[in-house]
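Student: Give the three-dimensional model of this entry:
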Amino acid sequence: MARQPAKVQRSLQANLKELGARLGFETNFDVVVREIEIGGRKAALVFVDGFVKDVFTRILGQLQSMTPRELAPDPLAAVLERGLPYVEVETTDLLDQVVDSVLAGPTAILIDGVSTAILVDARTYPSRAVDEPDLERVTRGARDGFTETVVQNTALIRRRIRDPRLRFEILRAGTRSQTDVVVGYINDLADPRLVQEVKGRIQAIETDSVVSGARSIEEFILGRSLNPLPRARYTERPDVAAAHLWEGHVVVLTDTGPTALILPANLWHFTQHAEEYFQNPVVGTYLRWIRMVGIVLSLFLLPVWLILAQWKGPLPGFLDLLGPKESAALPLLVQFLLLELGVDLIRMALIHVPNALATSLGIVGAVLLGQLAVEVGLFVPETILYTAIALLGFFATPSQELALAFRLFRYVLLLAAGLAGWQGLVAASILFFIFLASSESLTIPYLWPLIPFDWEALRGILFRSPVPSVRRRTAPAPEGRSPEPSPA
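Tutor: Predicted coordinates:
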């Protein structure tokens, strides 16, 4: 039999006793109970220290200035109409909702003799200033970025989309953490089935806490998978989130996280950058092609060079310069694998060390160790050169998630090329392409609009068209392809 929800009682002391047992008044130093009088009646304010704005001191003064005559005959209505000069006010008769609201930031007002609690949302969250995201910098364009406060993030998007059909629905995830999760979409542009699917999967989350924020939410939405390819795009830029909303995508914002989750997303979403849209269309197209070439080089440069360097037969004259001029103690394949592991170690070390030491560590790791490895005969200079070129393609990839996934695939391509030559590389490349083509994001093909082919949509990916010439809104999925509702 289901437990009946506890109700707010008419006795103030009974309510405070129940709330004290749940919120731990005696042990939690930051849960504050302030007992006052409102029009001759005993009352209490329950709130979390650090969440209350200075404006609440004025509200408190207004409440304490009320007279018994003003409270009669209906104290609750009198307080709501004349005693609370504030906009975000609601009432509840459920103690569970009082507990959840207090922990989320609003202040609860309990009045003796009234079996309804008043919730005043005069909260403020500790938050950093709005600043440009480090991972998505542009030479021109907006300099604002998301913060860890979800209300602030929705406001940044609404500044860019003043459309009454923009919707932000708030849900809760985590049975204990009760984390606020906001699902954003434009009502007449987003596929209703996509919206319902995303909301349904968030509401079905059964876990104590979504500690990792957007990352945890993504794994619950997309399900369990060993596929390393990213299937949801992350962004910390409000203009990028707004642009995807205009295209019919769904944006998921998680409180305490500065990242928006964009659904659905295929391969091409991870190869675009906001910088392209703040430049001339021709320059933007050039930057896009250079970036795509860099991504391809990051995957195939090392295995192709490895095959050419190990080729036993004669090579054309113009390819002679590609081969190693010296020999080393380690085979070329082992050199590449060690260099890849070394780069990963340096990258992780740079994340963990203080900023003041990051430059020094980069010089020591990338320059001194590489030079010493060549001098002692472990590596040949060419392996370090081509690894550095491949790394440029890695860092030119706008999405860190895609770059890391392709890095894993590069290990596979290297091993295939080193152990089986051209046959191994071709076979591994075909399997890699099949893997890409068979992957999906909420049933959306990962390679669309290449597979299935749609020239109009593909042209928008290959070329940065002038804004006035764009006559068709880019859809997030091929026509007729949208997620079917999950079985109950």
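Student: how about the helices in the stretch 151-300 of the chain?
Tutor: 192-203, 214-222, 238-246, 281-309 (DSSP state H, counting those that start in this stretch).
Student: residues touching residue 211, list them.
Tutor: Contact analysis of residue 211 by Cβ atoms under 8 Å, 6 or more residues apart in numbering lists residue 177. In short, each C-beta sits where N, CA and C put it, glycine included.
Student: okay if I get the helices of the stretch 151-300 of the chain as a markdown table plus distance to residue 371, mean neighbour count and mean pLDDT?
Tutor: Shown next, in a markdown table, are the helices of the stretch 151-300 of the chain (distance: least, Cβ to Cβ, whole Å; neighbours: other Cβ atoms under 10 Å; pLDDT from 0 to 100):
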| stretch | distance to residue 371 | mean neighbour count | mean pLDDT |
| --- | --- | --- | --- |
| helix 192-203 | 51 | 17 | 94 |
| helix 214-222 | 38 | 20 | 90 |
| helix 238-246 | 40 | 22 | 94 |
| helix 281-309 | 20 | 18 | 92 |
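Student: host element of the closest residue to residue 429 other than its chain neighbours?
Tutor: Nearest residue to residue 429, sequence neighbours excluded (Cβ to Cβ, 6 or more residues apart in numbering): residue 413, at 7.0 Å. Using DSSP states H and E, residue 413 sits within helix 400-438.
Student: helices or strands next to that helix in the packing?
Tutor: Secondary-structure packing of helix 400-438 (3 or more Cβ pairs under 8 Å, 6 or more residues apart in numbering; DSSP states H and E): helix 281-309, helix 332-352, helix 381-396.
Student: got the helices of the stretch 151-300 of the chain as JSON lines, with distance to residue 423 columns?
Tutor: Shown next, in JSON lines, are the helices of the stretch 151-300 of the chain (distance: least, Cβ to Cβ, whole Å):
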{"stretch": "helix 192-203", "distance to residue 423": "42"}
{"stretch": "helix 214-222", "distance to residue 423": "35"}
{"stretch": "helix 238-246", "distance to residue 423": "42"}
{"stretch": "helix 281-309", "distance to residue 423": "10"}
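Student: Can you say which of the ones you listed is nearest to residue 19?
Tutor: Of all the helices of the stretch 151-300 of the chain, it is helix 192-203 that lies closest to residue 19, at 27.2 Å by Cβ to Cβ.
Student: which phi and psi does residue 160 have?
Tutor: When read as degrees, to the nearest 10, the backbone of residue 160 gives phi -100, psi -20.
Student: do the same with residue 442
Tutor: Torsion angles, degrees, to the nearest 10, at residue 442: phi 50, psi 50.
Student: how far away is the closest residue in space to residue 175 that isn't next to it in sequence from residue 170?
Tutor: Leaving aside its chain neighbours, residue 175 sits nearest to residue 208 (5.8 Å; criterion: Cβ to Cβ, 6+ apart). Computed as Cβ to Cβ, to the nearest Å, the residue 208 to residue 170 distance reads 20 Å.
Student: and if you look at residue 188?
Tutor: From residue 188 to residue 170 the distance is 21 Å (Cβ to Cβ).
Student: To what extent is residue 459 buried, counted in neighbours?
Tutor: 11 (other Cβ atoms under 10 Å).
Student: Contact partners for it?
Tutor: residue 465.
Student: May I ask you to confirm that it belongs to a helix?
Tutor: Yes: under DSSP: H, G, I helix; E, B strand; the rest coil, residue 459 falls within a helix.
Student: Let's see the pLDDT reported for it.
Tutor: For residue 459, the model assigns a pLDDT of 86.
Student: roughly how far apart are it and residue 344?
Tutor: Distance from residue 459 to residue 344, by Cβ to Cβ: 37 Å.
Student: now swap in residue 388 and tell me
Tutor: Distance from residue 388 to residue 344, by Cβ to Cβ: 15 Å.
Student: got the contact list for stretch 221-233?
Tutor: Here stretch 221-233 has contacts from 198, 201-202, 218, 244, 252, 261-265, 267, 269-270, 399, 401-402, 404-405, 408-409, 436, 439-442, 446, using Cβ under 8 Å, 6+ apart.
Student: what's the burial count for the residue nearest to residue 175?
Tutor: Close neighbours of residue 208, defined as other Cβ under 10 Å, add up to 9.
Student: residues contacting it?
Tutor: Contacts of residue 208 (Cβ under 8 Å, 6+ apart): 174-177.
Student: ok and the helix holding residue 413 relative to helix 332-352, angle-wise?
Tutor: Going by axes from the mean of the first three to the mean of the last three Cα atoms, to 10 degrees, helix 400-438 is angled at 130 degrees with respect to helix 332-352.
Student: Run the chain-centre distance for helix 400-438.
Tutor: 27 Å (Cα atoms, centre = their mean, to the nearest Å).
Student: Now the element after it, going C-ward?
Tutor: strand 440-441.
Student: can you pull the contacts of residue 157?
Tutor: Contacts of residue 157 by Cβ under 8 Å, 6+ apart are 166, 184, 238, 241-242, 245, 251.
Student: The residue nearest to residue 175 and residue 176, how far apart?
Tutor: Counting by Cβ to Cβ - residue 208 and residue 176 are separated by 4 Å.
Student: Likewise for residue 281?
Tutor: With Cβ to Cβ as the criterion, residue 281 and residue 176 are 50 Å apart.
Student: And the buried ones among the contacts of stretch 221-233, selectable in ChimeraX?
Tutor: Only the buried entries of these go into this ChimeraX selection, using 16 or more other Cβ atoms under 10 Å:
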select :198,201,202,218,244,252,261,262,263,264,265,267,269,270,399,401,402,405,409,436,439,440,441,442,446
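Student: which SS class is residue 33?
Tutor: strand.
Student: where does it land on pLDDT?
Tutor: 93.
Student: Would you confirm that it contacts residue 49?
Tutor: No: in this structure residue 33 lies outside contact range of residue 49 using Cβ atoms under 8 Å: 10.9 Å.
Student: so who does residue 31 touch?
Tutor: Taking Cβ under 8 Å, 6+ apart as the test, what residue 31 contacts is 23-25, 46-49, 102.
Student: Tell me what it is bridged to.
Tutor: residue 48 (DSSP bridges).
Student: Who are the contact partners of the residue lying farthest from the centre of the chain?
Tutor: Centroid-distance maximum for the chain: residue 69 at 53.4 Å, with Cα atoms, centre = their mean. Residues near residue 69 by Cβ under 8 Å, 6+ apart: residue 39.
Student: element containing it, please.
Tutor: Going by DSSP H and E, residue 69 is in helix 68-71.
Student: Can you tell me how far the residue nearest to residue 238 when sequence neighbours are not counted is from residue 277?
Tutor: Once flanking residues are discounted, residue 238 sits nearest to residue 156: 3.9 Å by Cβ to Cβ, 6+ apart. Note on residue 156: its distance to residue 277, by Cβ to Cβ, is 18 Å.
Student: who has more neighbours, these two?
Tutor: More crowded of residue 156 and residue 277, by other Cβ under 10 Å: residue 156, with 20 against 17.
Student: who's in contact with the more buried one?
Tutor: Here residue 156 is in contact with 130, 144, 146, 238 (Cβ under 8 Å, 6+ apart).
Student: go with 7 Å
Tutor: Going by Cβ atoms under 7 Å, 6 or more residues apart in numbering, residue 156 touches 144, 146, 238.
Student: Any chance of TSV for the contacts of residue 31, columns neighbour count, distance to residue 62 and pLDDT?
Tutor: Output for those, formatted as TSV (neighbours: other Cβ atoms under 10 Å; distance: Cβ to Cβ, whole Å; pLDDT from 0 to 100):
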residue	neighbour count	distance to residue 62	pLDDT
23	20	26	93
24	11	30	91
25	16	25	91
46	25	18	94
47	23	16	92
48	18	22	91
49	10	21	87
102	22	21	93
